[in-house]
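1. Provided below for reference: sequence and predicted model.
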Amino acid sequence: MSSLFLMRLCRLFVLLCVQVLILNHVHLLGYLTPLIIGYMMVCFHRGTSRVSALLWGFAIGLIFDMFSNTAGMASASCTLIGLIQPPLCDAFAPRDAAEDFTPSFQTLGFWSYITYVFIIMLVLHGGFYLLDAFTLANWPLTLAAIIGSSFMATLLIMFIELLVRSRK
């Protein structure tokens, strides 16, 4: 097995443990629950094929669904992220970036990286909470949950990124 695959499995295990054991029990204001499992998709390098991103997204979401009892909502949301991540990474990457370009603070710059992460988190939480509500009857509450959870998840991912990158 390649070292990239093993690194992704280790990252998946740690993120799922933190998400399932800690963050699934955090409900700020009764509605806001950050989903940091999208960080796996944020870390994919530029050369990742769309099929690979879709399969990884589905697998990440399916494992999260099994441990969180969310009935496929995370699978659908993470698969949607897998669909948009490769073109989004290409859009934010510098034109002369290599195929193994990995988005981070150092490679994209602070504000571009925050924007990149926030867009991915917005899509993840948007898909998740719209499938959870499955109606637009109470749309202000759903919109507040999407934006608030995306903002919290982005802040947590920035913190994780600072911890991971500072050790290197």
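-> Done, it's in. Residues are numbered from 1 along each chain as shown.
2. low-confidence bits of this protein, can you list those?
-> 1, 166-168 (pLDDT under 70).
3. centroid residue for this protein?
-> Nearest to the geometric centre of the chain sits G38, at 1.4 Å (CA atoms, centre = their mean).
4. excluding chain neighbours, what is closest to it?
-> Excluding the flanking residues, the one nearest G38 by CB to CB, 6 or more residues apart in numbering is L124, at 4.3 Å. The way it works is simple: take the backbone N, C-alpha and C, and place the C-beta from them, glycine included.
5. where along this structure do the helices fall?
-> Counting by DSSP state H, one finds helices in the chain at the ranges 3-21, 39-42, 50-68, 73-92, 105-108, 110-133, 139-167.
6. of those, which is nearest T33?
-> helix 139-167 (5.9 Å; CB to CB).
7. list the buried residues for the closest one?
-> Residues of helix 139-167 classed as buried: 142, 145-154, 156-158, 160-161 (neighbour count, 16 or more other CB atoms under 10 Å).
8. that one vs helix 3-21, what angle?
-> Using axes from the mean of the first three to the mean of the last three CA atoms, to 10 degrees, the direction of helix 139-167 lies 130 degrees away from that of helix 3-21.
9. any figure for the gap between I147 and E99?
-> 34 Å (CB to CB, to the nearest Å).
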